[in-house]
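Chemist: Build me a model:
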Amino acid sequence: MSDFDHILIAIHGIGSQQRNATVRSVANRIAASQSLRITDGAPPLAPQPLGYFFSDVKGVVKVLPLDEFAKGRAEQLTRIGFTEVFWADIPQDAVKEGRTVEETKAWARTLMARAGCLFKERFYGMKPDDPERLRLVEPDFNLGAEVLDEIIDTVYVLENLCYLGEKAGLFKFELDDMLEEYVGDVQIVTEFRQFRRDIIGRFHLAMKQVHETYPDAQIHIVAHSEGTVVSFLGLLHAFSGEQFPIELPAEPEAPANPDKPAKKSPAVPEWLKSVRGFMTIGSPIDKHILLWPRLFRDFDFTPVEALFKDRKIEWRNYYDYGDPVGFKLDTARRWLAGKAIKPFAFCGCNDIGFARYVLPGKAHNDYWDDAAVFEHYVCDVIRGEGEKAPRPQTRPLVYLVSPLIPYAISFAVLAAGTFLFYRAVSAYLNPELDPLQRYIRVSQLGFEKTAASISGLQMLIHSAAIAALIAGATAVARIPRLAAGIFWYFVGLLVLGAGCFSYWKFVQPASRQEIGLVFQSWGAHAPTLGVWALALLVGLIGLLVKIPSHESTRPDRPRRQRWILQGMRPMILCGALGIILLIGAQMHPEMFGKSAFSPAQVELIEKDKLDAEAVQTLKDAHLKPTDIDYLLDPKTENREAKLKLAGQIVAHPPVWPVLLNGAIFLYLWWLGALIFDLAFVWQRYVRHAFANRRLMQWSGYATTTEDKPNPQSTARPIARSDTGTTSSAQ
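Modeler: Okay, the predicted model is just below:
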């Protein structure tokens, strides 16, 4: 009799992996299952140390119960074994070697070229009068490659910021390593036949060993991320009678021969008869079918026709809407529907999506902390409860908040830069006075009521409103470049309109007059309208100044040499010129043909025939307009003496804080725009699977019909006896 009724084989995903960490995560989640525990039984030991799952023999998997101390208890959990297929060392060695895997940006451009090839094959494969062909609009693939470059740059820039956070002891998040490891793992599996055979060979060997040791146990494959692709390909090869010849070496130094051809046989692999469940979480199988169709072309399921005539492998796929890697597997279902033999019980109702994890991106790993996901698989497949199994539900607050978090981060970065710059400019235009100057201003000049400065709260509000206006200009420049269609032009203008309203509503009129001083002579509302027009102009220039890709008209001039007209640099440079115009008019209005005084003040100066020295004193004193009105008012007591005394409060603030904070602002604006691009691309093309739908359309997969549910579940559940012991239901 077998020691186990069910054996869960964990297949890890992308990135840096630790041996047995994935199987421990699976064991922890199963240990928390309420449906497999006896109410009065002691809880199992979890988590176990990694060494508990470690195999003493290289290349041999070891199946262990959840808790060896509970082996004698009448506990359902003791009848479930756990093991792991570890393959991370294969891509990690290739990435570490540094001369095998392609550089991230170059590989991203090959993916964009592959998508373009799919479109052209579909487009030119139709008749000219085909209505579907007339509806197809070719995307700007060159622009898409450029945007991908910028998004990759964003990851590296964020990594630099994370490095500073690590040195400050705040957090540690290795984004660039994560990107390179992810790209490296996917490249190894998809592009390198030799490495892919090695990885699948490990999967086949593990399945063979588990079945030979425990022939009566049901096998459940629990795969995450790229591990779902590895296990899916491993199953497809097994369905076709192919076994990769990865044998255990006689000595550790003797490697297996990866070029040895696959063993093909019309006979069904013995271990395949024991596979009852396939659980995928955060799976990118669909993208692999669409972008690497050659990996899925030559499978013939004839050898397993008899095996899957009366039973199916129960497949359950789980994905969070905030997961940038895992999606609904509708392409996989349609691909399988095209096969005459149906090995899987996998209908649309078994493709389970939800919004449960708050942070986008991090959602790809949050499945391991979600008991509801594993509890559903336990109840649905292991216990065989079917529709009675409690499905993981979307959390409404997460559904609403999670998509907004990246945009909030983008705006926060922009607002922080705006605040620093606005505060530096305000400090220059209204410098802090020393105690003697403050005494003269208050006691001798009588500025108690007229010299009130902006408060810290008002500065925050003004900064946020100005940042909203800049964000609107950024939206005009970026959104139509990230999504095709006239609709998105209106969306960009709508965001700009919201920014203009925020600027008008929350920035005080006096501050708006000061900021738009260069437009003051054009009318009473010209300072505000002029700033709005300037924001629109910056956004339009950032949108309209496009450069051809390095593959097009100027192949002799690589993209990296086009320094000024690359990416969002036109927008940032035009924005910098606009800011210089606005601030320069405030610092030195005479250089822009403007007067430092209002028309009424100029009239009083000319009427009283003030000398040039007195006029210059009023300019250098950095007085408020209300202060100047007070000194120029003929009714002011001892006006002449106070005009002379105003020379004692002349301030000469340094200009370097303005320049430094201006540079910081431009950098944070650029970073905020990059994060916005990343958020928009993730929201539109990943979260809502727009890219997958387009690839499905170009690849010829039907998208108008939904597949029908497969026959009833054929999994053999664990049954609970009256005495509290466990047995296998026949």
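Chemist: what are the ranges of the strands in this structure?
Modeler: 6-11, 64-65, 80-85, 218-224, 242-243, 263-264, 275-281, 313-320, 344-345, 351-354, 718-720, 726-728 (DSSP state E).
Chemist: What segments of the stretch 451-600 of the chain are helices?
Modeler: For the stretch 451-600 of the chain, the helices defined by DSSP state H, counting those that start in this stretch occupy 456-482, 486-506, 509-515, 526-544, 569-587, 599-608.
Chemist: The ones you listed: which one's closest to residue 665?
Modeler: With C-beta to C-beta as the measure, helix 569-587 is the member of those nearest residue 665 (8.1 Å). In short, each C-beta sits where N, CA and C put it, glycine included.
Chemist: For residue 421, see how far away residue 541 is.
Modeler: Distance, residue 541 to residue 421, by C-beta to C-beta, to the nearest Å: 21 Å.
Chemist: what do you get for residue 344?
Modeler: 58 Å.
Chemist: picking that back up, export the strands of the chain as TSV, with columns for mean pLDDT, distance to residue 207 and mean neighbour count.
Modeler: Listed next are these as TSV, based on pLDDT from 0 to 100; distance: least, C-beta to C-beta, whole Å; neighbours: other C-beta atoms under 10 Å:
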stretch	mean pLDDT	distance to residue 207	mean neighbour count
strand 6-11	93	7	27
strand 64-65	82	17	19
strand 80-85	90	8	25
strand 218-224	94	7	26
strand 242-243	83	10	21
strand 263-264	57	14	12
strand 275-281	95	8	25
strand 313-320	94	13	25
strand 344-345	92	16	22
strand 351-354	92	24	19
strand 718-720	38	21	17
strand 726-728	35	20	16
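Chemist: Residue 608: which of these is closest?
Modeler: strand 313-320 (72.7 Å).
Chemist: and the closest one, what does it pack onto?
Modeler: strand 275-281, strand 344-345, strand 351-354, helix 371-377 (3 or more C-beta pairs under 8 Å, 6 or more residues apart in numbering; DSSP states H and E).
Chemist: in its sheet, what does the second one sit against?
Modeler: Based on DSSP bridges, the strands next to strand 344-345 in the sheet, each with its direction, are strand 313-320 (parallel).
Chemist: Strand 218-224 and the strand it pairs with, what's the angle between them?
Modeler: Per axes from the mean of the first three to the mean of the last three C-alpha atoms, to 10 degrees, the angle that strand 313-320 makes with strand 218-224 is 20 degrees.
Chemist: Low-confidence bits of the stretch 101-250 of the chain, can you list those?
Modeler: Applying pLDDT under 70 to the stretch 101-250 of the chain flags residues 101-109, 133-184, 245-250.
Chemist: now the helices for it?
Modeler: 104-124, 131-135, 141-167, 175-191, 193-213, 226-239.
Chemist: Please identify the most buried of the helices of the stretch 451-600 of the chain.
Modeler: helix 456-482 (a mean of 22; mean count of other C-beta atoms under 10 Å).
Chemist: Show me what it packs onto, helices and strands only.
Modeler: Counting by 3+ C-beta pairs under 8 Å, 6+ apart, helix 456-482 packs on helix 141-167, helix 404-429, helix 486-506, helix 526-544, helix 569-587, helix 656-681.
Chemist: Export these to CSV and append columns for distance to residue 11.
Modeler: Putting these into CSV (distance: least, C-beta to C-beta, whole Å) gives the following:
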stretch, distance to residue 11
helix 141-167, 26
helix 404-429, 30
helix 486-506, 40
helix 526-544, 45
helix 569-587, 44
helix 656-681, 29
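Chemist: among these, which gets the worst mean confidence?
Modeler: Here the lowest mean pLDDT among the helices and strands packed on helix 456-482 goes to helix 141-167, at a mean of 62.
Chemist: According to the record, where do the domains of the protein fall?
Modeler: According to automatic domain parsing, the chain comprises the domains 6-94+182-402+701-728, 103-180+676-687.
Chemist: So for residue 483, what's the nearest residue that isn't a sequence neighbour?
Modeler: residue 684 (6.1 Å; C-beta to C-beta, 6 or more residues apart in numbering).
Chemist: Cheers, nothing more for now.
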